[in-house]
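Asker: got a predicted structure here, sequence first:
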Amino acid sequence: MLPKDLIRRIRKLEIRTRKVVSDMLAGQYHSVFKGRGMAFSEVRQYQAGDEIRIIDWNVTARMNEAYVKVFTEERELTVMLVVDVSASKEFGSHERSKAEIAAEVAAQIAFSAIANNDRVGLILFSDRVEKVVPPRKGRSHVLRLISDILTFQPKGRGTDLGSGLTYLRQVAKRKAVTFLISDFIARDYEKPLRLVGRKHDLVPVVIADPMEVQFPKLGLVEMEDPETGDRFIVDTSDPRIRGRFSRAMQAQRQERLKLFKKLELDHVELRAGDDHGKALAQFFRARARRLAA
């Protein structure tokens, strides 16, 4: 049994997410992420304008009149949510932490998927694979995934993007639409991104907080690295320190964007305080335009 306060949080998130999905996301999700191909559905009588190559010659011979094969899109997809649960995700300078934002975004994607009758699975990772939930359909399954993201207590504190991606590559036999949800405060992840991107439809979802780009002027502040536990004093009123920090974070972002472009990965950037449903909808629209070009 889940605690009542957690049930209320999940229910509130479901209501908010379902509205976003019905208003903005579900139809665009369907148009952006295609099925595995075309599957035979039925035969019907030949009509003027039908292509000769789709005539079913066996049925035509039996019926003594022309029949053609009808195909439909094999729509069902597998959607994998690969979610970073390292210690840095607990940070948040707004109402919600990055972990809570990750849960909301994962919920929006998952409800969009089941609205299109797709299966959704989950991989939680830190500096190791922490938990795996196999893909399934249905509302109760999605609620379980949301609960796992909100409540899971990882054993690891660091971030290794390769751990979750490598596991996915080893176990997922068919192509999956994969959303990698993380703050991407990590190193040496080009190779796993490249290898997974070759086989799967990989979409990096970057969750950032404004205070990770620009320190406010708060004077002397004791800070702690959530992943290592190291503590240090920072003079946030010193413009040189704020400038070095800001330049370093901007450089890290530019390197990340350069890598995504090099690997031809469509990506989403989400900032704390933004309308994340609107940002996802804009991403879907931009991707649809690019695929249609």
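Answerer: That came in fine, so what should we check first?
Asker: so Ser140: helix, strand or coil?
Answerer: Classification of Ser140 by DSSP: H, G, I helix; E, B strand; the rest coil places it in helix.
Asker: how far away is it from Asp238?
Answerer: Distance of Ser140 to Asp238, computed by Cβ to Cβ, to the nearest Å: 52 Å. Where you see a C-beta, it was placed from the backbone N, CA and C, and this is true even at glycine.
Asker: those two: which is more packed in?
Answerer: Neighbour count, other Cβ atoms under 10 Å: between Ser140 and Asp238, Asp238 has more, with 14 against 8.
Asker: so what's the predicted local confidence for that one?
Answerer: Per-residue confidence (pLDDT) for Asp238: 83.
Asker: what do you get for Ile146?
Answerer: 91.
Asker: helix or strand: which one has it?
Answerer: helix 139-151 (DSSP states H and E).
Asker: right, and the helix or strand after that helix?
Answerer: Taking DSSP H and E as the definition, the helix or strand right after helix 139-151 is helix 161-171.
Asker: buried residues, that following helix. List them.
Answerer: 161-169 (16 or more other Cβ atoms under 10 Å).
Asker: from these, which is closest to Arg244?
Answerer: Nearest to Arg244, judged by Cβ to Cβ, of these is Leu161 at 25.4 Å.
Asker: and the closest one, what is it in contact with?
Answerer: 84, 125, 180, 182, 184, 186, 189, 192-193 (Cβ atoms under 8 Å, 6 or more residues apart in numbering).
Asker: distance of it relative to Gln28?
Answerer: From Leu161 to Gln28 the distance is 27 Å (Cβ to Cβ).
Asker: now do the helices in this protein.
Answerer: 4-20, 26-32, 57-63, 98-115, 139-151, 161-171, 190-199, 239-262, 276-292 (DSSP state H).
Asker: could I get these as JSON lines with distance to Val221?
Answerer: Shown next, in JSON lines, are the helices of the chain (distance: least, Cβ to Cβ, whole Å):
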{"stretch": "helix 4-20", "distance to Val221": "30"}
{"stretch": "helix 26-32", "distance to Val221": "42"}
{"stretch": "helix 57-63", "distance to Val221": "77"}
{"stretch": "helix 98-115", "distance to Val221": "19"}
{"stretch": "helix 139-151", "distance to Val221": "29"}
{"stretch": "helix 161-171", "distance to Val221": "29"}
{"stretch": "helix 190-199", "distance to Val221": "33"}
{"stretch": "helix 239-262", "distance to Val221": "11"}
{"stretch": "helix 276-292", "distance to Val221": "28"}
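Asker: now the weakest link among those helices, please, by mean pLDDT.
Answerer: That would be helix 26-32, which, of all these, carries the lowest mean pLDDT at a mean of 69.
Asker: touching stretch 138-151 from outside, list them.
Answerer: Residues contacting stretch 138-151 (Cβ under 8 Å, 6+ apart): 2, 6, 9-10, 13-14, 81, 83, 85, 99-100, 102-103, 106-107, 110-111, 114, 120, 122, 124, 131, 133.
Asker: which residues are in contact with stretch 103-117?
Answerer: 13-14, 16-18, 20-21, 25-26, 29-30, 75-77, 79, 81, 83, 96, 119-120, 122, 137-139, 141-142, 145-146, 149-150, 179, 181, 205, 207, 270, 276-277, 280.
Asker: now the farthest one out in this protein, which residue is it?
Answerer: Within the chain, the residue lying farthest from the chain centre (Cα atoms, centre = their mean) is Asn64, at 52.3 Å.
Asker: ok, that residue to Val70 distance?
Answerer: For Asn64 relative to Val70 (Cβ to Cβ), the value is 20 Å.
Asker: again with Gln170
Answerer: 38 Å.
Asker: on that earlier part again, pick the one among the contacts of Leu161 closest to Arg287.
Answerer: Using Cβ to Cβ, the contacts of Leu161 come closest to Arg287 at Leu180, 15.5 Å.
Asker: okay but the closest one is in contact with Val82, surely?
Answerer: Yes - counting by Cβ atoms under 8 Å, Val82 is a contact partner of Leu180 at 4.8 Å.
Asker: which neighbours do these two have in common?
Answerer: 164-165.
Asker: give me the buried subset of the contacts of stretch 103-117.
Answerer: By 16+ other Cβ under 10 Å, the contacts of stretch 103-117 give 13-14, 17-18, 20-21, 25-26, 29-30, 77, 79, 81, 83, 119-120, 122, 141-142, 145-146, 149-150, 179, 181, 205, 207, 270, 276-277, 280 as buried.
Asker: on that earlier part again, next, the residue farthest from the centre of the chain: phi, psi?
Answerer: In terms of degrees, to the nearest 10, the main-chain angles of Asn64 are phi 60, psi 20.
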